[in-house]
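Colleague: Task: produce atomic coordinates for the following.
(chains A and B)
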Amino acid sequence: MSVRQLSVFAENKQGSLYETTAILSEAGINIRAFSVADTNEYGVIRMIVDDPRTAAYSLSSEGKIVSVTDVVGVQISDSQGGLSKLLGIVSQAGINVEYLYAFVSSIPNTANVVLRVSDNETTEKILRESGYSLLTDEIARTQI
Amino acid sequence: MERYYQKEIETASAEQIREWQNERFLKTLAHVWKNNTYYRKKMIDRGVIPEDIHSVDDLWKLPYLTKDDLREAYPYGLMSAPLSDCVRIQSTSGTTGKRVVAFYTKEDIDLWEDCCARAIVAAGGTKEDVVQVCYGYGLFTGGNGLHGGSHKVGCLTLPMSSGNTERQLQFMVDLESTILCCTPSYAAYLAESIYEKGIRNDIKLKAGIFGAEAWTEEMRRDIESRLGIKAYDIYGLTELSGPGVAFECCEQSGMHINEDHFIVETIDPDTGKVLPEGEKGELVFTSITKRAFPLLRYRTKDIAVLKREKCSCGRTFVKMSKPMGRSDDMLIIKGVNVFPSQIETVLLNQGLTSNYQIIVDRVGTTDSIEINVEMTPELFSDTINTIEIRERQITDAMKSMLGIFAKVSIVEPKSIIRSEGKAVRVIDKRKLYG
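Modeller: Numbering: from 1, shown residues only, chains lettered A, B, ... in the order given. From the prediction side, this is the model:
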């Protein structure tokens, strides 16, 4: 059920992000969500794209270090307290969130949240039981 | 007036030195031939037997020993005295793979300490002095060597070992240390700390004996003016005993080699050909007084020049210049020997590629080493935490291999500059050899 996320290693230097986006653009990939985590020396670019396989292939053939990870994608209400409610449920269930990023959706009044947790299955089960719609690769490709 | 620890020896005539060398060399050769199968085999392989050797003039006939031999013969292969006669080992910094151990009988230690005592007296040491030894004690020869020498001179000896600058300075002030023994970079660091604390007028140092790493004349002048002392160089290798193989006198223009204990040659590092005295080349030493671990024709990989001329100090031993470089890729960082191959071993053990670059620098007076490694799919993860844990594992493995902290930086794949298809492994920004 989960969504495939692409992570790319990027040194902290000028032009590093552009290199990655240029490769994807060249390969005809549409980036649906994009976030960067950075340390003093390097960063990790995390993305949801419309075609993870082609994207991973293009990046690694250009010498980039890429990994594909299953993450939990969930649709929430784009209103005050929407994210907080979701995190409340996750926290109640004792799930530790490694990182997350959120972005508004093309669907009206809807936002998407990508969660990196240690146990995808349990998290998805809990979220489904709480009435959330989960993102899939298919939805990520077309609708978000 | 110049003072000596062993005047008759240190000022002996060339003929006398020659006589000692001939006698001791032949005795050592016979001892090694009889007791050391490793070197005997090397001699036989080369087609030379003791009967072919009549004096120091025949030294060239003997095979060289290198660090590789010492590793191959590790641990006991080059020991030439029965274990029951040996009382100590010392060892070079490095790893299981690279470690070199040297053995000493009681007499070997005694003679080694004589060499160090000569260095201390040449630096103006007397039994009135307070000698602060901040070389590392333990396996490293620096601490134990100067410590023993200081005892022999009769100085009050402070066995501080390395590190803990606060305590070093406190003792230096409270006990009024007069002679400092440490690496030149640590001396420079201490000088800085002394200024920062504003205790320049509280210290009583008059001389320093600094060795175990390369340093320039500029650094000497800097340390001398900041501490108000005379700074003397000292040279040695664990393989040959430790510090005190050669030492500086009041002239401060090269180090007198203790020729009653060592025969020195300079050779062309590429061809192995012996060079005329005075030509720049790799130093090769033959120890002629040791019993437990006498090395014949040991290649030091240090490039230097020998100078045999009348010295105003009255000593007659030949002088060697400061080492001007290395004929191998060994780096000396914070006084510790580091080989790029050690770093490569760690990286490969940790599942990384051998695409790496070592950047050595000296920030202020402290050496730093940074290792750039290219990111690999195995090391990479979408979570920073995971990458950091792996980075820490590499740093820890590096520390236990090298004995010093090395910063590990992960860079993009294929970003390490390659020249003619081969990566430039080491960038040393320190310009140590002027």
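Colleague: From residue B:134, how far out is residue B:246?
Modeller: The gap separating residue B:246 from residue B:134 is 21 Å, by C-beta to C-beta, to the nearest Å. All C-beta atoms are positioned from the backbone trio N, CA, C, and that covers glycine.
Colleague: Where does the prediction get shaky in the stretch 51-200 of chain B?
Modeller: The stretch 51-200 of chain B contains residues with pLDDT under 70 at B:93-98.
Colleague: Just the buried residues of the helix or strand encompassing residue A:36, please?
Modeller: Applying DSSP states H and E as the criterion places residue A:36 in strand A:31-38. By 16 or more other C-beta atoms under 10 Å in any protein chain shown, the buried positions in strand A:31-38 come out as A:31-35, A:37.
Colleague: Do a quick rundown of the helices in chain A.
Modeller: Remark: helices assigned in chain A by DSSP state H are A:16-26, A:52-61, A:82-92, A:120-129, A:137-142.
Colleague: count of neighbours near the residue of chain A found nearest chain B?
Modeller: Distances between chain A and chain B by C-beta to the nearest C-beta are smallest at residue A:7, namely 3.6 Å. Using other C-beta atoms under 10 Å in any protein chain shown, residue A:7 has 22 other residues around it.
Colleague: what does residue B:191 give?
Modeller: 24.
Colleague: sorry, back to before: so what's the residue of chain A closest to chain B up against?
Modeller: By C-beta atoms under 8 Å, 6 or more residues apart in numbering or on different chains, the residues touching residue A:7 are A:44-47, A:66-69, B:380-382.
Colleague: I'd like those residues laid out as TSV, including neighbour count, pLDDT and distance to residue B:79.
Modeller: Formatted as TSV, these follow (neighbours: other C-beta atoms under 10 Å in any protein chain shown; pLDDT from 0 to 100; distance: C-beta to C-beta, whole Å):
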residue	neighbour count	pLDDT	distance to residue B:79
A:44	23	96	53
A:45	23	97	58
A:46	23	97	59
A:47	24	95	62
A:66	23	96	54
A:67	17	95	52
A:68	13	95	57
A:69	16	94	56
B:380	20	92	48
B:381	18	93	49
B:382	23	94	54
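Colleague: Narrow these to those in strands?
Modeller: A:44-47, A:66-69 (DSSP state E).
Colleague: Which strand or helix spans residue B:54?
Modeller: Assigned by DSSP H and E, residue B:54 falls outside every helix and strand.
Colleague: May I have the phi/psi pair for it?
Modeller: Main-chain torsions, residue B:54, degrees, to the nearest 10: phi -110, psi -20.
Colleague: Contact partners for it?
Modeller: Per C-beta under 8 Å, 6+ apart, neighbours of residue B:54: residue B:26.
Colleague: how near is it to residue B:416?
Modeller: Taken as C-beta to C-beta, the span from residue B:54 to residue B:416 is 54 Å.
Colleague: Residue A:84: neighbour count?
Modeller: A count of nearby residues for residue A:84, using other C-beta under 10 Å, gives 10.
Colleague: hang on, I meant residue A:137
Modeller: Residue A:137 has 19 neighbours, counted by other C-beta under 10 Å.
Colleague: dump the residue contacts of it.
Modeller: Residue A:137 neighbours (C-beta under 8 Å, 6+ apart): A:3-4, A:52.
Colleague: same deal with residue B:180?
Modeller: Shown in contact with residue B:180 (C-beta under 8 Å, 6+ apart): B:131-132, B:134, B:172, B:187, B:190, B:205, B:207-209, B:227, B:229.
Colleague: Format those residues as TSV; extra columns: neighbour count.
Modeller: As requested, the contacts of residue B:180 are exported to TSV (neighbours: other C-beta atoms under 10 Å in any protein chain shown):
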residue	neighbour count
B:131	26
B:132	27
B:134	28
B:172	24
B:187	28
B:190	25
B:205	21
B:207	22
B:208	25
B:209	30
B:227	22
B:229	22
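Colleague: With adjacent residues omitted, what lies nearest to the residue of chain A closest to chain B?
Modeller: residue B:382 (3.6 Å; C-beta to C-beta, 6 or more residues apart in numbering or on different chains).
Colleague: Would you confirm that the one you found contacts residue A:44?
Modeller: Yes. Using C-beta atoms under 8 Å, residue B:382 is in contact with residue A:44, at 6.3 Å.
Colleague: May I have the phi/psi pair for residue B:225?
Modeller: For residue B:225, the backbone dihedrals are phi -70, psi -30 (criterion: degrees, to the nearest 10).
Colleague: List, one by one, the residues from chain A near chain B.
Modeller: Counting by C-beta under 8 Å from any C-beta of the partner chain, the residues of chain A close to chain B are A:5, A:7, A:9-11, A:16, A:37, A:39, A:41-42, A:44, A:46, A:63-67, A:69, A:98-99, A:116.
Colleague: rewinding a little: so which of the contacts of residue A:137 is surrounded by the most neighbours?
Modeller: residue A:3 leads those on contacts (other C-beta under 10 Å) with 27 neighbours.
Colleague: In stretch B:396-405, which residues are buried?
Modeller: B:397-398, B:401-404.
Colleague: Could you do stretch B:303-315 as well?
Modeller: Neighbour-count burial for stretch B:303-315, with 16+ other C-beta under 10 Å as criterion, is recorded at B:303-306, B:311, B:313, B:315.
Colleague: Could you list the domains of chain A?
Modeller: Annotated domains of chain A cover A:3-68, A:70-142 [automatic domain parsing].
Colleague: Can you tell me which of those domains is most buried?
Modeller: Using mean count of other C-beta atoms under 10 Å in any protein chain shown, the stretch among these with the largest mean neighbour count is domain A:3-68, at a mean of 18.
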